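Let me see the structure of the following:
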Amino acid sequence: MKVTRLLLLFAVYLMCTNISVAQIIIPEFEEPNKVEELSSSEVESMPIPFNNGEEMYYYVTVVKGEGLSAKQKDEHVWYSERKKGKWKVPYRLFNAAFIENKSAHIIGTDSTGERIYLYFTEYTKEGSVEKLGYYDKEGRDKWSEFHELTIPNFKFEEKYYSFYITPNEDILLISMSPSTTHLDEDLYVCLKQEDGSWGEIIDLGKTINTPKLEVSPYIAPDGKTLYFASDGHGGFGAEDIFVSYRLDDSWKRWSKPLNLGEPINSASSDEFFIYGNGEEVYFSSDRNSDHLNIYTAKATGEVKFANIDSVGGQFFYKGLPKENITLKILDSNGDVVDEIVTDAFGRFTYQKLDPDESYVIKLAADDDENYVGSKIYFVNEDGKKTNRYILTEDGVFADASDINTKESIRGVFKYNELPMSNSALVILDENGFPVDTIYTDENGKFEYEKLVYDQDYSVIPLNLEEDNWVDAEIYLTDLDGNKTQEFILRKDQFVFTEVVEDQKMVEIAEADQAIVDDTEEIIGKAEVNEAWNGKSGDVIRVYFDFARSNPNGLKKMNDLIEYLKNNATAQIVVEGHTDSIGTIDNNQALGQKRAQAVGDYLKTKGVPDARMQITSKGESEPIESNMYKDGRAKNRRVEIILK
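Sure, this is the predicted structure:
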């Protein structure tokens with residue numbers, strides 16, 4: 001399939017189906033070449049190829065003088081035909097008498113090239129008159145009477161214009177200044193009605209039009225793919241050529257314009273882009289010259305993908321990022337426009353074809369009730385979470401700010417056993433996203449409307465230096481003011497979690513306590529993730545009591561030990577892991593102690609040191625959320641991994 005046809009079919013597919021590819025295809029081109037046979041010392045622009053690109057109309061602007069003294073003298077339409085790959089010597093259409101006192105711009109043809117559409121200025125003694133219409137060809141350089149186009153509520157004024165009409169003669173694109181006080185131009189469209197008349201002019205909207213220049217519009221045969229030149233969307237220098245895709249029938253909603261890039265665009269002016277056939281394009285450029293010439297480029301057969309507005313996010317379930325979750329992206333009409341899958345860190349991206357569109361996110365799986373309360377965070381370019389959405393019972397991720405299912409909680413903030421009055425507390429959810437800022441009253445009391453989906457959360461005091469946090473106390477109360485639950489000081493925040501008082505005291509003290517390393521024989525329970533079959537990556541997990549390095553149970557590891565005896569070259573890695581309670585340094589040391597305890601046990605069973613790599617991951621690789629008691633228990637482990 002030729003690249004041009006591929007591009008056009010892709011655009012049709014994108015607009016006419018419910019599922020998109022989320023990226024736009026842009027064909028790649030060979031280095032453009034100036035069409036020497038059509039080049040002169042004058043300005044050549046507006047190429048209009050037809051007959052599969054074997055014939056061409058274009059117009060030539062004659063300029064007299066240089067620099068500020070340069071003046072446009074004449075504009076005439078020229079024609080050439082290609083034979084055996086070479087363009088024949090062009091000639092000017094219309095004899096001198098026919099075109100006397102007129103400057104003519106070619107703006108399109110019908111599908112045969114027998115009808116040509118013109119925008120011309122006729123000069124009379126009373127002044128100039130501008131007209132828009134067509135001639136029908138009646139022989140070599142013989143033409144019918146001029147048929148003028150009538151557009152409702154449109155009249156020519158003292159401002160800049162350019163036009164393009166499609167070969168089907170039903171779409172008229174207009175570039176013109178918004179008013180007589182504007183030097184730059186915007187893009188508009190006028191559509192032929194069923195009765196053959198022309199409709200009102202439609203502004204293509206703010207996605208296309210900028211306060212700067214938008215000119216030389218061309219729309220592909222699909223009626224949806226728009227090419228134009230602009231210096232208002234960024235680029236390589238002067239005007240660059242952009243492509244955009246129409247998103248509905250209003251002609252006001254477009255995808256973000258994409259720069260076609262090199263080698264089509266250059267540091268000079270590049271405009272009047274048009275397809276000649278399935279292999280080549282034409283455009284005008286003043287690269288390597290002080291005026292516009294016509295250039296052509298062939299498609300390489302390769303394509304590149306251009307991202308639109310990329311939206312990044314992260315999916316969390318029970319406080320942990322979740323991979324291989326398929327999410328559906330729906331537009332405001334409920335149509336699926338994309339499907340995405342989260343990676344190993346719960347991350348995903350999708351592209352917004354329409355920068356103004358509001359999208360809805362749903363789980364693709366039917367068991368979405370199992371994920372109620374899971375959260376999606378949108379992330380900016382710096383990796384900072386900016387918005388959060390929560391999966392509600394109706395299966396849709398709702399903006400957390402729009403969810404009204406809440407419950408009131410009450411608490412007290414104290415320092416050195418005295419209430420902290422009029423103090424600010426930042427509330428964060430279990431994934432560290434700030435959801436609110438609340439203030440204590442004169443008695444250190446606070447109230448907070450908590451979403452029912454936020455089972456675990458943490459607090460950061462703003463009116464107390466971090467060095468003094470160890471002497472602070474934050475706890476929840478019942479309606480009578482009785483203490484019900486407390487927040488645990490964890491590094492840089494106070495963490496709420498459902499723990500009993502004795503366990504809380506142990507966890508708070510862990511940073512200061514000595515680590516006990518029992519030498520008793522390891523017995524009891526172990527978990528084998530998958531059958532131990534001697535494959536690289538096989539894992540056995542051994543779990544530990546809180547703050548201790550002796551396993552709280554290890555079932556027989558006979559399969560492992562037997563395998564190591566029968567495979568003299570087999571190596572294992574013994575990794576120690578911890579939960580997140582305590583400091584990073586202490587947890588790193590604790591993980592090493594745990595790994596060493598398991599290694600010592602294996603040595604007693606005949607596994608030599610040389611076949612074991614003992615290491616610690618500390619708290620860096622949790623397998624469950626540390627916000628939950630059960631999750632922390634899973635994270636206190638040693639993994640024995642076959643290399």
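
Setting the sequence-adjacent residues aside, check what's closest to residue 166.
Using CB to CB, 6 or more residues apart in numbering and skipping residues adjacent in sequence, the residue nearest residue 166 is residue 219, 6.3 Å away. The C-beta positions use only the backbone N, C-alpha and C, and glycine is treated the same way.

For the one you found, give me phi and psi.
phi -120, psi 130 (degrees, to the nearest 10).

What's opposite it in the beta bridge?
residue 226 (DSSP bridges).

can you give me the helices in this structure?
Taking DSSP state H, the helices of the chain run over residues 3-16, 501-509, 558-566, 584-604, 629-635.

circling back to that earlier point, enumerate every residue touching the residue nearest to residue 166.
Taking CB atoms under 8 Å, 6 or more residues apart in numbering, we find residue 219 in contact with 164, 166, 171, 173, 225, 226, 227.

go on, residue 496?
456, 457, 458, 459, 476, 485, 487, 488.

now those as TSV including pLDDT?
Listed next are the contacts of residue 496 as TSV, based on pLDDT from 0 to 100:
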residue	pLDDT
456	80
457	86
458	88
459	91
476	91
485	83
487	87
488	84
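
among the residues you listed, which are in strands?
Under the assignment DSSP state E, these contribute 457, 458, 459, 476, 485, 487, 488 to strands.

So which of those residues wins on neighbours?
residue 457 (25 neighbours; other CB atoms under 10 Å).

check contacts around the closest residue to residue 176 other than its chain neighbours.
Spatially, and ignoring its direct neighbours in sequence, residue 176 is nearest to residue 161 (4.8 Å; CB to CB, 6+ apart). Shown in contact with residue 161 (CB under 8 Å, 6+ apart): 119, 130, 174, 175, 176, 185.

And the furthest pair within these?
Across the contacts of residue 161, the longest distance by CB to CB is 15.2 Å; it joins 130 and 185.

Of the two, which one has the most company?
residue 185 (23 against 13).

roughly how far apart are the nearest residue to that one once chain neighbours are set aside and residue 641?
For residue 185, ignoring the flanking residues on the chain, the nearest one in space by CB to CB, 6+ apart is residue 175 at 4.6 Å. According to CB to CB, to the nearest Å, residue 175 stands 65 Å off from residue 641.

of the two, who's got more company?
residue 175 (22 against 17).

contacting residues for the more buried one?
The contact partners of residue 175, by CB under 8 Å, 6+ apart, come to 160-163, 185-188, 214-217, 228.

ranking these by neighbours, who comes first?
residue 228 (29 neighbours).

I figured residue 457 was touching residue 428, is that so?
Yes: using CB atoms under 8 Å, residue 457 is in contact with residue 428, at 6.2 Å.

Identify the contacts common to the two.
In contact with both residue 457 and residue 428: residue 435, using CB under 8 Å, 6+ apart.

Adding distance to residue 361, write the ones in strands among the contacts of residue 496 out as CSV.
Formatted as CSV, these follow (distance: CB to CB, whole Å):
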residue, distance to residue 361
457, 23
458, 26
459, 29
476, 33
485, 33
487, 32
488, 33
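
first vs last residue of stretch 544-564, how far apart are they?
Taking CA to CA, to the nearest Å as the measure, stretch 544-564 stretches 24 Å from start to finish.

show me where pLDDT drops low in the stretch 501-643 of the chain?
For the stretch 501-643 of the chain, the stretches flagged by pLDDT under 70 are 501-537, 545-558, 582-583, 627-630.

change it to 80
Along the stretch 501-643 of the chain, the parts satisfying pLDDT under 80 run over 501-562, 580-586, 625-633, 643.

OK, contacts around the residue nearest to residue 437 when sequence neighbours are not counted?
Excluding the flanking residues, the one nearest residue 437 by CB to CB, 6+ apart is residue 426, at 5.3 Å. Residue 426 makes contacts with 434, 436, 437, 459, 460, 462, as judged by CB under 8 Å, 6+ apart.

Residue 315 versus the residue nearest to the second one when sequence neighbours are not counted, what's the distance?
Nearest-residue entry for residue 436: residue 427, 4.5 Å, with adjacent residues in sequence omitted and distances by CB to CB, 6+ apart. Separation of residue 427 from residue 315 (CB to CB): 22 Å.

For those two, work out which one has more neighbours and name it.
Taking neighbours as other CB under 10 Å, residue 427 and residue 315 compare with residue 315 leading, 28 against 20.

Bridged to that one, which residues?
residue 376.

try residue 271
Under the criterion DSSP bridges, residue 271 forms beta bridges with residue 284.

Do you know the pLDDT at it?
Turning to residue 271, the model gives it a pLDDT of 94.

What separation do you get for the residue nearest to residue 60 when sequence neighbours are not counted and residue 618?
Distance criterion CB to CB, 6+ apart; nearest residue to residue 60, sequence neighbours excluded, is residue 42 at 5.1 Å. Per CB to CB, residue 42 is found 74 Å from residue 618.

for residue 238, same thing?
Taking CB to CB, one finds residue 238 at 56 Å from residue 618.

likewise residue 424?
For residue 424, the distance to residue 618 equals 32 Å [CB to CB].

higher neighbour count, the two?
More crowded of residue 424 and residue 618, by other CB under 10 Å: residue 618, with 20 against 16.

contacting residues for residue 47?
When contacts are counted by CB under 8 Å, 6+ apart, residue 47 touches 56, 57, 58, 272, 274, 282, 283, 284, 294.

what pLDDT does it get?
Looking at residue 47, its pLDDT reads 94.

Skipping adjacent residues, who's closest to residue 616 in space?
Counting by CB to CB, 6+ apart, the residue nearest residue 616 is residue 591, at 3.4 Å.

Count residues in the vicinity of the one you found, would you?
Count around residue 591 with other CB under 10 Å applied: 26.

any idea how far it is from residue 544?
10 Å.

hmm, back to that, residue 243: which of the contacts of residue 175 is nearest?
Nearest to residue 243 among the contacts of residue 175, with distances taken as CB to CB, is residue 228, at 8.4 Å.

That closest one: what's it in contact with?
175, 187, 208, 214-218, 241-242, 244, 257, 273.

same check, this time on residue 75
Going by CB under 8 Å, 6+ apart, the list of residues near residue 75 reads 59, 60, 61, 62, 103, 104, 105.

The residues you listed in strands, which ones?
Counting by DSSP E, the contacts of residue 75 contribute 59, 60, 61, 62, 103, 104, 105 to strands.

of all the residues you listed, which two lie farthest apart?
Largest separation among the ones in strands among the contacts of residue 75 by CB to CB: 62 and 105, giving 13.2 Å.

more crowded one of the two?
Legend: neighbour count by other CB under 10 Å for residue 62 and residue 105, higher for residue 105 (20 against 15).

count of neighbours near the spatially closest residue to the more buried one that is not a sequence neighbour?
Of all residues not flanking residue 105 in the chain, residue 119 sits nearest, at 4.5 Å (CB to CB, 6+ apart). For residue 119, the neighbour count with other CB under 10 Å is 25.

Am I right that residue 119 is in contact with residue 163?
Yes: with contacts counted by CB under 8 Å, residue 119 reaches residue 163, the gap being 5.2 Å.

Where does pLDDT dip in the stretch 301-450 of the chain?
Applying pLDDT under 80 to the stretch 301-450 of the chain picks out residues 301-312, 319, 331-338, 344-345, 350-359, 365-370, 379-384, 394.

still on that earlier bit, any chance of a markdown table for the contacts of residue 496, columns distance to residue 151?
Output for these, formatted as a markdown table (distance: CB to CB, whole Å):
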| residue | distance to residue 151 |
| --- | --- |
| 456 | 64 |
| 457 | 61 |
| 458 | 64 |
| 459 | 65 |
| 476 | 70 |
| 485 | 72 |
| 487 | 70 |
| 488 | 73 |
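
Pop the domain breakdown of this protein in here.
Following automatic domain parsing, the chain resolves into domains at 3-306, 309-402, 407-498, 527-642.

gap between the last one and the chain center?
Computed by CA atoms, centre = their mean, to the nearest Å, the chain-centroid distance of domain 527-642 equals 40 Å.
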